[in-house]
Structures are given as structure tokens and as C-alpha cells.
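Asks: Starting from these lines, generate the structure:
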Amino acid sequence: MNDEISPNYRPFDPVSILDYVKQRPEMSAVFRPDDELVADEVGDGNLNLVFKVWATADPERTVIIKQALPYLRLVGGDWPLPVERARIEAEALKIEYDLVPAHTPKVYFYDPEMYLFAMQNLNHHVIMRKGLSEGIKYPHFAEHIGLFLAKTLGMTSDLVLDYRTKKEMVKRFINPELCKITEDLVFTEPYRKTERNPYHIELEPQVLALQADETLRVEVAQMKEKFMTQAQALVHGDLHTGSIMINQQETYVIDPEFAFYGPMGFDLGAVIGNLLLNYAAHEVRTPDPDKRADFRAYLTGTIIDLWHVFTREFQRYVWDQVDPVNMPKGYQDNYMLRLLHDAAGLGACKMMRRVIGLAGVSDIRGIEDVHDRTVAASLALNIGQALIFERESLRTIEDLVEVATACEPVVPWPADKG
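Replies: Modelled structure (predicted):
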């Protein structure tokens, strides 16, 4: 990876981005020469500048410009980052679009001097995390994300690619700085005392007990080793419900700037773990017990369904194409079982990090009442611990859901909430 910044690089703002867009010939696919354009900076993530640009005469003609900053936006200049991560994200999106165009936004161009790319604006979709927190159900999500995971993971792996292509792909997606962020924030910092763990004081006894549990830290270390060493497939690397744009008919996966060659279970676990974080949040977000049970049944049913879609499509696009002599049925079955175990363990780490560590999820941290927030966080931590400890005993996705739904929060509800 080239860490030297182009001498022409400069961060844009909502004014300067307009002239830039007008000068790009690729934008003729969206805008007309006489269009009056307007832009807003709409980025609410932790890393980048994100501009929405549209024609005033027709707001449906619109584009998103995403530009990498040379530092972590969440923290500032004290945490430098390579701007070439924009190339990785743009190339990952192009690969995903080639494999699953129905669930990946189109990239119009990548600019290697400004470290930015332009892509389709999903202006009729919402961030899935926001919708789930409001109790909205998405009936096609399991089918869509199961297909996305099967094709993007299976078809970028050694199971499908020839030996040379796979190794060239691994080299192309070396992403050390962003992988280091994951290694630190997911697998290291939640399990030690650090100022970057911003949990509320009411949760501290549970957090301190978790950090003192050497048995747990052994399991987490095993998951960290897998993340760092197992180059199974091109993984999205940050596939949470904040990286999914959705409505009642469509699902799109965005933001693969953490993409690298890693364990398939990391993406699988991220989706499952984030659905379970939302499950934990509805412990207090939905006080009515019948409505809570109904929405949680949707969440757990979605986990079960997405896994079955994933295995069905993985069979179609991977196992049905391999040499059954080299990869007999017994090997295939064992491979899928190991993916389930990895998804449980890696998803558990993602859950616990989002409760304890930097950059938590709004599902839980967006709960206004401090005690309610702690109840949800407590439940999420217990689900994470149960999954990582019991992962190797799982035989089906239904087993995983059963383990998760058997958990209770350590912090009790106030007596008046029942």
C-alpha cells in the first residue's frame, strides 16, 4: 500500500465539490451540462467525508461522493490513516457489484489523486440500524443478505478462484491500518482498562468481571488469531446494520473500506451479531411484552432465514462447482459447520466491542434513559459471552438462536417496568 499522499490531494467541502463534479466526464451519466448542482456533507460515520450532490431541477438525479481523510474522523489528526483506503473500498464495491449488482451500489469512478469515488445515491433507502431501532421489519432482508454473503464470500475464495488469481487478490486487498483498527477495537481494547472504552458507570461491575475472566480472554484471543491469519475470502470487514441501506423491497450493502482477505465468519458474524444487538436493545426499546416478543421473533427468524439462504446459495455457487473428489461431501459439511462456529465467535466479539468499546451502536447507546441503556447493554454482553463460549457445541443456526435467546441481563429492570 502506498502511504504517500498525492501532491494534488485536498479535502473538499460542499462548495468546492460542485466544481469538481462538473469537471468529471463520468458524471454525464447523471448530470447535464446546464444543471445547477447543490451539495451537502452528509457523512455521519467515523472515517470519511461524504457528499450528496444533486441537480436542483431534478433531485432524483443525484450522486454520492466519498472522500478519504488522512486521519480517523471520529478522533481527529492524532489518529492518522492512509487515504488509499478509498481505492480498496472502490475496488471492493466494483467486485461486489459484478457478483451481486442487485445489492451493491454502482461506482461511477475512482480518483486516485483525490482519494475519492462517486457512487449511486440510495436516496430511497434508510440505514437499516435506524429502521430496526424503530421496530420496522424488512421482509426480504434475509433472502438478499444471504445471497450477498454467499456470492461475495464463496466466489472470492480458494474454493472457486484459481491459485494465482486468489493470491493476487490477497495482495491487492492488503489493508493493514484498517485491520489494525479492528484488531484493537474488537479484539484487544474491550478486554483491558482504557479511556477509549466509554461505557456507563452502571455497567462497570459487569465489564470488570468480563475483563478479569481469563477463560473469556483465551477465547477472544483465538478469534483474534483467526481474524489476523485466515485469508479465506474477500470480506467486507465492517458488515453491520449501519452499512446496509434498505427499504421494503431492496437491500444494498455499502462502506467496504475495511475489506481484506479474512475469515468468512467475520462478515457472517457481523450481520448476526448486529441483529442480536438490536434484539438486546428491544429489551427496553419496546416495553409492551407482546410487541417486544413479536419484533424479537422477526429478528431471530431473520437470523435463521439468512443462514439457510446463505447455505442454499453457497451450495449453488460453490459446492455444486467444485471437484467432489478433492472436496467430498463430508468436507463440505464440515466447512459449513466451521463457518457457523466462526460466525458465532467472531459475531460475539463484535457484539461485546460495540457495548464496551469505542464507536458503539445507536441501537443501545441511543437509548436515552441511562438505566434502560444499561439493561440493554448488559443483555448484549451476556449474549456475546454465551455465543463465544458455546460456539463449538452448535450444530445448527437454530442452536445459535437458542443460546442467544436464553440470556438475560445482569442489571435488572426497575420494579415499575416489570
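Asks: What distance do you get for residue 60 to residue 316?
Replies: As judged by CB to CB, to the nearest Å, residue 60 and residue 316 stand 35 Å apart. Backbone N, C-alpha and C define where each C-beta goes, glycine included.
Asks: whoops, I mixed them up, residue 21
Replies: Per CB to CB, residue 21 is found 40 Å from residue 316.
Asks: Who has more neighbours out of those two?
Replies: residue 21 (21 against 14; other CB atoms under 10 Å).
Asks: what is the rounded mean pLDDT of the helix or strand where the more buried one lies?
Replies: Here residue 21, judged by DSSP states H and E, is contained in helix 16-23. Mean pLDDT, helix 16-23: 97.
Asks: which residues does the one residue sitting closest to the centre of the chain contact?
Replies: Central residue of the chain (CA atoms, centre = their mean): residue 239, 1.7 Å from the mean position. Residues in contact with residue 239, defined by CB atoms under 8 Å, 6 or more residues apart in numbering, are 253, 267, 270, 271.
Asks: Quick check: of those residues, which lies closest to residue 389?
Replies: The closest of these to residue 389 turns out to be residue 270 (CB to CB; 19.3 Å).
Asks: Compute the number of surrounding residues for that closest one.
Replies: 25.
Asks: how about the nearest residue to it, chain neighbours excluded?
Replies: residue 239 (4.4 Å; CB to CB, 6 or more residues apart in numbering).
Asks: The nearest residue to residue 132 once chain neighbours are set aside in helix, strand or coil?
Replies: Among residues not flanking residue 132 along the chain, residue 278 sits closest, at 4.6 Å (CB to CB, 6+ apart). Classification of residue 278 by DSSP: H, G, I helix; E, B strand; the rest coil places it in helix.
Asks: Roughly how far does residue 278 sit from residue 232?
Replies: 27 Å.
Asks: More neighbours: the two, which one.
Replies: A count of neighbours by other CB under 10 Å puts residue 278 above the other of residue 278 and residue 232, at 26 against 21.
Asks: quick one: that one from residue 64, how far?
Replies: Taking CB to CB, one finds residue 278 at 25 Å from residue 64.
Asks: what's the burial count for residue 78?
Replies: Neighbour number of residue 78 under other CB under 10 Å is 7.
Asks: Show the pLDDT at it.
Replies: Looking at residue 78, its pLDDT is 71.
Asks: which residue packs closest to it, ignoring adjacent ones?
Replies: Spatial nearest neighbour of residue 78, chain neighbours left out: residue 71 (7.6 Å); criterion: CB to CB, 6+ apart.
Asks: Surely that neighbour and residue 81 touch.
Replies: Yes: the criterion here is CB atoms under 8 Å, and residue 71 meets it with residue 81 at 5.7 Å.
Asks: which of those two has more neighbours?
Replies: residue 81 (21 against 15).
Asks: isn't that one right up against residue 88?
Replies: No: if you go by CB under 8 Å, residue 81 and residue 88 don't touch, sitting 11.7 Å apart.
Asks: Quick check: neighbours shared by the two?
Replies: residue 178.
Asks: Quick one: list the elements packing against whichever strand or helix holds residue 40.
Replies: Element membership for residue 40 (DSSP H and E) is strand 37-41. Here strand 37-41 touches helix 16-23, strand 48-55, going by 3 or more CB pairs under 8 Å, 6 or more residues apart in numbering; DSSP states H and E.
Asks: Partner strands of it and their direction?
Replies: Looking at strand 37-41 with DSSP bridges, its partner strands are strand 48-55 (antiparallel).
Asks: what's the partner strand in contact with?
Replies: By CB under 8 Å, 6+ apart, strand 48-55 touches 11-12, 14, 17-18, 21, 31-32, 35-43, 61-69, 73, 86, 121, 123, 257.
Asks: which parts of stretch 185-196 are buried?
Replies: 185, 186, 187, 188, 189, 190, 191 (16 or more other CB atoms under 10 Å).
Asks: Got phi/psi on the closest residue to residue 105 other than its chain neighbours?
Replies: Nearest residue to residue 105 in three dimensions, chain neighbours excluded: residue 120, at 4.1 Å (CB to CB, 6+ apart). Backbone geometry at residue 120, expressed as degrees, to the nearest 10, gives phi -50, psi 130.
Asks: how many neighbours does residue 120 have?
Replies: For residue 120, the tally of surrounding residues (other CB under 10 Å) stands at 18.
Asks: unless I'm mixing things up, it is touching residue 60, no?
Replies: No: assessed by CB under 8 Å, residue 120 is found out of contact with residue 60, at 11.8 Å.
Asks: So which bits of stretch 331-338 are buried?
Replies: The neighbour-count check on stretch 331-338 (16+ other CB under 10 Å) flags 332, 335 as buried.
Asks: Now tell me what touches that stretch from outside.
Replies: 265, 311, 314, 319, 322, 395.
Asks: In three-state terms, how would the closest residue to the fifth one other than its chain neighbours be classified?
Replies: Distances taken as CB to CB, 6+ apart put residue 159 closest to residue 322, at 6.1 Å, once the chain neighbours are dropped. Under the three-state scheme (three-state DSSP), the conformation of residue 159 reads as coil.
Asks: Now residue 159. Its backbone dihedrals?
Replies: Backbone dihedrals for residue 159, given as degrees, to the nearest 10, come out at phi -60, psi -30.
Asks: Count the residues that sit near it.
Replies: With other CB under 10 Å as criterion, residue 159 counts 20.
Asks: who's in contact with it?
Replies: Residue 159 touches 318, 322, 327, counting by CB under 8 Å, 6+ apart.
Asks: Mind checking which of these are in strands?
Replies: Secondary structure from DSSP state E places none of these in strands.
Asks: The residues you listed, buried ones only, as a ChimeraX selection?
Replies: In ChimeraX, a selection of the buried entries from the contacts of residue 159 looks like this (16+ other CB under 10 Å):
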select :318
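Asks: export the contacts of residue 159 to CSV and tack on pLDDT and distance to residue 97?
Replies: Converted to CSV, the contacts of residue 159 look like this (pLDDT from 0 to 100; distance: CB to CB, whole Å):
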residue, pLDDT, distance to residue 97
318, 98, 20
322, 96, 25
327, 97, 28
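Asks: Pick the one among the contacts of residue 159 closest to residue 405.
Replies: Distance to residue 405, by CB to CB, is smallest for residue 318 among these, at 30.2 Å.
Asks: and the gap between the spatially closest residue to the closest one that is not a sequence neighbour and residue 140?
Replies: In this structure, residue 318 finds its nearest non-sequential neighbour in residue 154, 4.0 Å apart by CB to CB, 6+ apart. Noted for residue 154: a distance of 21 Å to residue 140, by CB to CB.
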